[in-house]
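Engineer: The amino acid sequence is not available; the structure is as follows:
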């Protein structure tokens, strides 16, 4: 077959196989590099021979270089300073002390176990310095560990790549090129300066062009890719391999500055990274020879064990001195150190170069490095979740809520969720006026486009584990949930929808539909604002008396779990109900709170009445409430006339309003302005944090007081059901 077609088949087959195996790996939830390594070997000359890397000649080096540049640029985009602050000292130590311990420790093991020269052993040791984002990041996404440990591993994985490459090149030049130590060291420092300088300058230049809209929206992604590769090439013109640091720094600058188009850029680069990883590992593994692995023998096994269980722990424990990490944290960091695409790329390149120069030991570099890659991915990729559980370093579930919409309906839901004290709620809305109103009322609210995850501040995103979308647009609600599915679990995303047939079984639909029997969220918010509807909070066990026709269960908390649209009367917990009504008072009267007392004075009445409240709400502070009611009635008596009195108080010990209806048949003489004795008492106890509802309930009582016939009917009725019906049917 013509060499041109062999090259074409090698490239297109590597592309297709790489992408396909990554898809399969994600379906099976296994590290992608494992099937890529196996697939490359099967497609290579060792088995089918469909992928012929030799046919590419020098082009293989350029494919490797551009693929690595794409991967590391995407890695740079994911770095953020907030994450660095959580593990700064350890990260810096790992990039200095840790690098040298890994390098020199591995070099000693190679020299001791295989007897290679010191120079060659140092070169071999330099190849496994890197851990790499291509394997660390998927592992961290699969196994959620403490945030500080996550950030340490994430930053190490990205920044150690260019450092490791620079050291590997320094060792390679020292081993294969004549020259003084000072010459090689100056070359290393020059490479560092070029990579950092061009990276910062180029990153800011790309950001400037994006910020000032010089690049059309449709071409943003391809421009950023072309710009990153240009920076890579320019740096390599000054000194070879400087481009690797350049793209990391440029990506870091864009990640820090976060232009308006950052989300799109990141998504595009993530897809390109998958493509680059796929094709690169197929080509690299197709180039492997199994006999080279067999030649490692038992010494190779001991070398791998030494690197994983001696060198890595030594690196971590020395780097973590004085950093405040617990022993279990250090053990977890010691366990996780998978090698990836950069280590494999450098090993393959050095093997080819040294083989061409006639070094017989060149094959060891590739076999040793890929043995470390395969072993770390296989062992750590499958056992890390178990190890994290045993060490008790897994991250706690993310309990925070993000509600899309800052209208009054969203705020009431936020109030309910936050009232239990163990989770935060954040509001996001594109309407800056609503956001300002919410912020002024004490809510954590942000202006932004909910379709972009980066609309929420970076330091808040790690706290968000639940999403509730309350916009009026059903399709937009679905799309918002879809955009957040990489950040929040699908089972923890909820959205308003009134569609009768909402196919939630479809894998393309994200977010569980809630509040489907209600009007649009904006209409609900409007009704709440004009007091034509009310959100009633109740204990689940007390909810029966509030479930009249038209009541809609919204959200309940049972055993620290929030549930939408369902009432479980057998459980204990709290629930929020929606009700469109003319009067609010009936929904705050419990059956046990309608009582008839035979008392001789007002003070005794208040004491006895509050006792009935405590029976159903034991959390009430009895003494405090009675004392305050007595003092308030002395200073500002609430005798309304028509025989009605409304003693009332606000308390921090109650979570829902309580209204007791107390009847005294003989009546009490409280010097009412109309001369009538007081026979009907509405004792109102409201939460201190809801003064608006307190006033609404007092207003309802005042309206009832004006109707003499209604008061006589309430006094004469002897059952809760009849009194409740009377109150709900009352119209003023």
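Structural biologist: Right, received. Where do you want to start? From a predicted model like this one, the values you see are computed outputs, not experimental measurements. Residues are numbered from 1 along each chain as shown.

Engineer: contacts and neighbour counts: CA atoms only from here.
Structural biologist: Noted.

Engineer: so who does the closest residue to residue 472 other than its chain neighbours touch?
Structural biologist: If the residues on either side of it in the chain are set aside, residue 472 comes closest to residue 520, at 5.3 Å by CA to CA, 6 or more residues apart in numbering. The neighbourhood of residue 520, defined by CA atoms under 8 Å, 6 or more residues apart in numbering, consists of 471, 472, 496.

Engineer: in a helix, that's where the first one is, yeah?
Structural biologist: Read it as residue 471. No - going by DSSP: H, G, I helix; E, B strand; the rest coil, the assignment for residue 471 is coil, not a helix.

Engineer: so what's it up against?
Structural biologist: Taking CA under 8 Å, 6+ apart as the definition, contacts of residue 471 comprise 404, 405, 477, 496, 520, 521, 522.

Engineer: Can you list the buried residues in the helix or strand containing residue 612?
Structural biologist: Using DSSP states H and E, residue 612 sits in helix 602-616. Residues of helix 602-616 classed as buried: 605, 606, 607, 609, 610, 611, 612, 613 (neighbour count, 16 or more other CA atoms under 10 Å).

Engineer: Stretch 170-177 now?
Structural biologist: 170, 171, 172, 174, 175.

Engineer: and if you look at stretch 693-709?
Structural biologist: Buried positions in stretch 693-709, judged by neighbour count with 16+ other CA under 10 Å: 693, 694, 697, 698, 700, 701, 702, 704, 705.

Engineer: from the residues you listed, which is closest to residue 634?
Structural biologist: Proximity to residue 634 was ranked across the buried residues of stretch 693-709 by CA to CA; first place goes to residue 698, at 18.7 Å.

Engineer: So what's the gap between stretch 21-30 and the chain middle?
Structural biologist: When distances are taken as CA atoms, centre = their mean, to the nearest Å, stretch 21-30 is centred 22 Å away from the chain's centroid.

Engineer: What of stretch 566-585?
Structural biologist: Averaged over its C-alpha atoms, stretch 566-585 has a centre that lies 31 Å from its chain's centre (CA atoms, centre = their mean).

Engineer: which one is the residue positioned nearest the centre of the chain nearest to, not counting chain neighbours?
Structural biologist: Computing the C-alpha centroid of the chain and ranking residues by CA atoms, centre = their mean puts residue 462 first, at 4.1 Å. Across the structure, with CA to CA, 6+ apart as the measure, the residue nearest residue 462 apart from its sequence neighbours is residue 398 (7.4 Å).

Engineer: quick one on the thing from earlier: packing partners for the helix holding residue 612?
Structural biologist: Contacts defined by 3 or more CA pairs under 8 Å, 6 or more residues apart in numbering; DSSP states H and E place helix 602-616 against helix 622-635, strand 658-668.

Engineer: Make JSON lines from the ones you listed and add distance to residue 318, mean neighbour count and mean pLDDT to it.
Structural biologist: What follows is the helices and strands packed on helix 602-616, written out as JSON lines (distance: least, CA to CA, whole Å; neighbours: other CA atoms under 10 Å; pLDDT from 0 to 100):
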{"stretch": "helix 622-635", "distance to residue 318": "58", "mean neighbour count": "15", "mean pLDDT": "91"}
{"stretch": "strand 658-668", "distance to residue 318": "61", "mean neighbour count": "20", "mean pLDDT": "91"}
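
Engineer: Kindly present these as a markdown table, with separate columns for distance to residue 454.
Structural biologist: Compiled in a markdown table, the helices and strands packed on helix 602-616 are given as follows (distance: least, CA to CA, whole Å):
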| stretch | distance to residue 454 |
| --- | --- |
| helix 622-635 | 47 |
| strand 658-668 | 43 |
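
Engineer: Among these, which comes closest to residue 515?
Structural biologist: When these are compared for distance to residue 515 using CA to CA, the nearest one is strand 658-668, at 26.4 Å.

Engineer: counting contacts, what elements does the next helix or strand after that closest one pack onto?
Structural biologist: Once strand 658-668 ends, the next helix or strand along the chain (criterion: DSSP H and E) is strand 678-687. Here strand 678-687 touches strand 644-645, strand 648-651, strand 658-668, helix 691-705, helix 708-716, going by 3+ CA pairs under 8 Å, 6+ apart.

Engineer: coming back round to it: just give me the least confident of the buried residues of stretch 693-709.
Structural biologist: Here the lowest pLDDT out of those sits on residue 693, with 81.

Engineer: ok, now how distant is that one from residue 523?
Structural biologist: Between residue 693 and residue 523 the distance, using CA to CA, to the nearest Å, works out to 20 Å.

Engineer: mind listing what's buried in the host helix or strand of residue 304?
Structural biologist: For residue 304, the element it lies in under DSSP H and E is helix 297-306. By neighbour count with 16+ other CA under 10 Å, helix 297-306 contains the buried residues 300, 303, 304, 306.

Engineer: Kindly report the same for stretch 274-290.
Structural biologist: Residues of stretch 274-290 classed as buried under the neighbour-count rule (16+ other CA under 10 Å) are 274-289.

Engineer: and which of those is nearest residue 650?
Structural biologist: Within the set of the buried residues of stretch 274-290, residue 274 lies nearest residue 650; the separation is 59.2 Å, counting by CA to CA.

Engineer: Give the helix, strand or coil label for that closest one.
Structural biologist: Residue 274 ends up helix, using three-state DSSP.

Engineer: what distance separates stretch 278-285 from the middle of the whole chain?
Structural biologist: On the basis of CA atoms, centre = their mean, stretch 278-285 sits 31 Å off its chain's mean C-alpha point.

Engineer: Please list the residues outside that stretch that contact it.
Structural biologist: Stretch 278-285 is contacted by residues 11, 14-19, 21-22, 33, 36-41, 44, 51, 53, 63-64, 67, 341, 344-345, 348 when judged by CA under 8 Å, 6+ apart.

Engineer: Okay, strands next: where are they in the stretch 451-600 of the chain?
Structural biologist: Across the stretch 451-600 of the chain, reading from the start of the chain, the strands by DSSP state E, counting those that start in this stretch fall at 464-469, 493-496, 512-514, 533-539, 552-558, 561-564, 573-580, 594-596.

Engineer: List the strands paired with the second one, with their directions.
Structural biologist: Partner strands and pairing direction for strand 493-496 (DSSP bridges) are strand 464-469 (parallel), strand 512-514 (parallel).

Engineer: So residue 666 sits against residue 679, correct?
Structural biologist: Yes - with contact taken as CA atoms under 8 Å, residue 666 and residue 679 are classed as touching, separated by 7.0 Å.

Engineer: Stretch 17-34: how far from the chain's middle?
Structural biologist: The chain centroid and the centroid of stretch 17-34 are separated by 23 Å under CA atoms, centre = their mean.

Engineer: which parts of that stretch are buried?
Structural biologist: Neighbour-count burial for stretch 17-34, counted by 16+ other CA under 10 Å, picks out 17, 18, 19, 21, 22, 25, 30, 31, 32, 33, 34.

Engineer: avg pLDDT for that stretch?
Structural biologist: Averaged over stretch 17-34, pLDDT sits at 85.

Engineer: which residues are in contact with that stretch?
Structural biologist: Where contact means CA under 8 Å, 6+ apart, the residues beyond stretch 17-34 that reach it are 35-36, 39, 135, 138-139, 274-275, 277-282, 340, 374, 377-378, 381-382.

Engineer: related to what we said a few turns ago, is it possible to get a markdown table of the buried residues of helix 602-616 that adds distance to residue 84 and pLDDT?
Structural biologist: Rendered in a markdown table, the data for the buried residues of helix 602-616 read as follows (distance: CA to CA, whole Å; pLDDT from 0 to 100):
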| residue | distance to residue 84 | pLDDT |
| --- | --- | --- |
| 605 | 63 | 93 |
| 606 | 59 | 93 |
| 607 | 59 | 93 |
| 609 | 59 | 93 |
| 610 | 55 | 94 |
| 611 | 56 | 93 |
| 612 | 56 | 93 |
| 613 | 53 | 92 |
